[in-house]
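Visitor: sequence first, then the predicted structure, then my questions.
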Amino acid sequence: MGSCTFCDILAGKAPASFVYSDDIVSAFMTIGPVNPGHLLVIPKKHVADLSELDEATGAHLFKVTMQMAQAIRRSGVRCEGVNLFLADGEAAFQDVFHVHMHVFPRIEGDAFKLNADWTVKPAREELDSIAAEIRQAHQSLQQDKVKRASKPKIEFEFIARGLYSPDQIIMHYDPSLRLPTTSYTRAWMDVLWEQELAQAKEQGKRLFDTSLFRFIKATAQADGTLHITVGDTSYKEYVTTRSPRFARVRGQMELGDPLAVCSVIETSDGYILLDQRQGVDVYVGRYHVIGGFFERDLDQPDPFAAIRREIREETGIQASDIRDQYCLAIVYDLATPHAELCFLTRLHIPLQEVLIREPEDDEVKQLQSLQVTSESLRDFILRHHGNISATGEPNLLQYGAWKFGETWFEEMMAALL
C-alpha cells in the first residue's frame with residue numbers, strides 16, 4: 001500500500017480535528033468543507049473502496065454516520081438539512097482511496113449541487129429490465145459469498161518472491177520503530193496476556209514472552225537485493241494484538257507484527273521435512289515446515305542465523321549438514337497477522353541421517369517427510385489446503401516454483417483461488 005492521507009492522520013503523522021473515535025471508525029473535520037461542520041467518517045483499517053469493506057465495519061460506519069448527523073443538528077453549527085455522500089471510485093469523484101463518508105450540513109442556497117437531468121423518466125419496461133439485471137447480480141454475489149465460506153481461504157499474501165542468498169538480504173534495524181500504544185491499550189494488553197497465559201497453562205501449551213523483531217517493510221530492489229526494515233516488539237505484543245477483536249479494525253502498523261522465519265528442508269535423497277504442529281498456541285494440528293520467530297536476544301538482525309537456530313533446535317540438524325540455503329520469499333500471514341521469511345535449506349545428508357539426529361527441544365513431536373515430485377507436492381498442497389499453516393503453504397508453493405518452474409506455481413495458485 002502506498003501513502004494514504006487518512007492512514008497518516010490516524011497514525012498521528014498528519015493533523016486533524018477529531019470529533020469521534022472508537023476501535024473501528026474515526027470522525028474528523030474535512031479541510032475542504034461544503035459548509036462549516038462538514039466532517040468525514042472513516043474506517044480505521046485501510047479499505048480502498050466498498051468492495052473491500054466488510055459488512056460489519058460498514059454497518060458500524062453508518063451507525064456512527066447517523067450519530068454524527070444528529071450531533072451536527074444539535075450543535076450550534078448552522079444546519080437546515082444534512083447530506084450523506086460517499087464517493088466509490090474515481091468516476092464517482094473519489095479522490096482519497098480510503099473509504100470515507102461525508103456528513104455535512106446544508107443551508108438553503110449553498111453552493112453544493114448534483115448536476116443531473118432529473119426530468120428524464122425511463123419507461124417502466126426499462127426500469128424492470130435494469131432491476132432484473134441488478135437482482136441477478138445480487139443473487140450471484142450471495143452465491144459467491146456462500147462458496148467462499150465453504151472453501152478454505154488463502155490466508156497469506158506474498159510481499160516479495162525470489163532466490164536470495166545471505167548477501168542479498170539487507171537488514172535495516174531501528175529499535176525506535178515500536179508498536180504505538182496508549183495507556184488504555186497497554187492495560188487491555190496486560191489483561192488479555194494474563195488470560196492467554198492462564199489458558200495456555202490449562203491446555204498444556206507453551207507460551208512465554210520474548211523479545212522479537214517487528215516487521216516494518218520489505219522492498220525488492222532492481223539490483224536483486226531484498227531490503228527489510230525491522231523495529232522492536234515482543235511475543236506478548238504479538239499475541240495480544242493478533243486478537244481478532246483488536247486486529248480486524250486496525251492497520252498493519254498498529255499491530256505487534258513480528259517477523260518470523262520458516263524453511264522447506266530438502267534432504268540429499270529428495271525428501272522434504274514436515275511437522276504437524278502440537279503443543280503450540282497457533283495452527284495446532286496443521287502441517288507446517290520448520291520455523292519460528294526471529295528473536296532479538298538470540299539472532300541479531302540476521303535471518304539466516306535465525307532459521308539455522310530454529311532448524312537446529314527443532315531437528316538437531318547442524319550448520320555443517322547444510323549444503324546451501326536461500327530465502328525464497330517474504331509473506332504476510334493474514335490469519336494471525338505477522339510477516340515471515342520463507343527459506344529453502346538443502347542438506348547433503350539423507351532422510352535416514354536426519355531422523356537419528358537429536359533435537360534441542362521437543363516442539364516437533366514427530367518429524368514427517370514427503371518424497372518430492374511435481375505431482376506429490378501439488379497433491380499434498382491441494383489435499384491439505386486449509387490444514388497447512390498460513391506461512392508453511394506459501395513456503396511450499398515458492399519451493400515448488402523454484403524446483404518445478406513458474407508455470408507450476410501459477411497453476412497451483414489458480415487451483416487454490
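Guide: Received it, and whenever you're ready, just let me know what you need.
Visitor: for residue 47, give its distance to residue 129.
Guide: Separation of residue 47 from residue 129 (Cβ to Cβ, to the nearest Å) stands at 33 Å. All C-beta atoms are positioned from the backbone trio N, CA, C, and that covers glycine.
Visitor: then residue 295?
Guide: From residue 295 to residue 129 the distance is 63 Å (Cβ to Cβ).
Visitor: who's more crowded, these two?
Guide: Neighbours per residue, other Cβ atoms under 10 Å: of residue 295 and residue 129, the larger number sits with residue 295, 19 against 11.
Visitor: nearest spatial neighbour of residue 108, skipping sequence neighbours?
Guide: Spatial nearest neighbour of residue 108, chain neighbours left out: residue 80 (5.7 Å); criterion: Cβ to Cβ, 6 or more residues apart in numbering.
Visitor: what's the burial count for that neighbour?
Guide: Neighbours of residue 80 (other Cβ under 10 Å): 12.
Visitor: for it, which residues are in contact?
Guide: Each residue near residue 80 by Cβ atoms under 8 Å, 6 or more residues apart in numbering is listed here: 105-108.
Visitor: run a quick neighbour tally on residue 294.
Guide: Going by other Cβ under 10 Å, the residues that sit close to residue 294 add up to 30.
Visitor: wait, what's in contact with it?
Guide: 212-213, 230, 258-261, 303, 306, 341.
Visitor: hmm, try it at 7 Å
Guide: In this structure, residue 294 makes contact with 212-213, 259-261, 303, 306, judged by Cβ atoms under 7 Å, 6 or more residues apart in numbering.
Visitor: next step: those residues restricted to helices.
Guide: The helices, defined by DSSP state H, take in 303, 306 from those.
Visitor: can I get the contacts of residue 294 in JSON lines with distance to residue 366 and neighbour count?
Guide: Below are these laid out as JSON lines (distance: Cβ to Cβ, whole Å; neighbours: other Cβ atoms under 10 Å):
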{"residue": "212", "distance to residue 366": "27", "neighbour count": "27"}
{"residue": "213", "distance to residue 366": "30", "neighbour count": "29"}
{"residue": "259", "distance to residue 366": "28", "neighbour count": "26"}
{"residue": "260", "distance to residue 366": "22", "neighbour count": "25"}
{"residue": "261", "distance to residue 366": "22", "neighbour count": "27"}
{"residue": "303", "distance to residue 366": "27", "neighbour count": "25"}
{"residue": "306", "distance to residue 366": "24", "neighbour count": "24"}
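Visitor: per-residue confidence at residue 155?
Guide: Residue 155 carries a pLDDT value of 90.
Visitor: I'd assumed residue 334 was in contact with it.
Guide: Yes: counting by Cβ atoms under 7 Å, residue 155 does reach residue 334; the two are 5.2 Å apart.
Visitor: shared neighbours, the two?
Guide: The contact sets of residue 155 and residue 334 overlap at residue 390 (Cβ under 7 Å, 6+ apart).
Visitor: neighbour count: these two, which is higher?
Guide: Counted by other Cβ under 10 Å, residue 155 and residue 334 do not tie: residue 155 has more neighbours, with 20 against 14.
Visitor: give me every residue that touches the more buried one.
Guide: For residue 155, the contact set (Cβ under 7 Å, 6+ apart) comprises 333-335, 390.
Visitor: one more time with 6 Å, if that's ok
Guide: 334-335, 390 (Cβ atoms under 6 Å, 6 or more residues apart in numbering).
Visitor: all helices of the protein, in order?
Guide: 5-10, 55-74, 124-150, 183-203, 235-241, 244-247, 296-299, 303-315, 351-355, 374-384, 392-404, 406-416.
Visitor: return the distance of the longest one from the chain's centre.
Guide: Counting by Cα atoms, centre = their mean, to the nearest Å, helix 124-150 is centred 30 Å from the centre of its parent chain.
Visitor: same thing with stretch 349-364?
Guide: With Cα atoms, centre = their mean, you get 33 Å for stretch 349-364.
Visitor: buried residues in that stretch?
Guide: 349, 351, 354, 363-364 (16 or more other Cβ atoms under 10 Å).
Visitor: got it, and stretch 179-192?
Guide: Using 16+ other Cβ under 10 Å as the test for burial, stretch 179-192 gives 179, 185, 188-189, 192.
Visitor: repeat that for stretch 366-374.
Guide: Buried residues in stretch 366-374 (16+ other Cβ under 10 Å): 367, 370, 372.
Visitor: give me the nearest residue to residue 7, chain neighbours excluded.
Guide: residue 46 (5.4 Å).
Visitor: ok, the one you found to residue 16 distance?
Guide: Residue 46 is 16 Å from residue 16, by Cβ to Cβ.
Visitor: now do residue 335
Guide: In terms of Cβ to Cβ, residue 335 sits 32 Å off from residue 16.
Visitor: same check, this time on residue 260
Guide: Applying Cβ to Cβ, the value for residue 260 to residue 16 is 34 Å.
Visitor: what's the answer for residue 213, then?
Guide: 31 Å.
Visitor: columns distance to residue 239 on top of the contacts of residue 155, output as CSV?
Guide: Converted to CSV, the contacts of residue 155 look like this (distance: Cβ to Cβ, whole Å):
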residue, distance to residue 239
334, 17
335, 14
390, 16
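Visitor: format these as JSON lines; extra columns: pLDDT.
Guide: Output for these, formatted as JSON lines (pLDDT from 0 to 100):
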{"residue": "334", "pLDDT": "90"}
{"residue": "335", "pLDDT": "87"}
{"residue": "390", "pLDDT": "93"}
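Visitor: ok, so of these, who is nearest residue 358?
Guide: residue 390 (29.6 Å; Cβ to Cβ).
Visitor: residues in contact with the closest one?
Guide: Applying Cβ under 6 Å, 6+ apart, we find residue 390 in contact with 155-156, 333, 335.
Visitor: can you list the strands that the strand ranked longest in the chain pairs with?
Guide: Longest strand in the chain, counting residues (DSSP state E): strand 322-333. Partners of strand 322-333 in the sheet, by DSSP bridges, are strand 156-164 (antiparallel), strand 338-347 (antiparallel).
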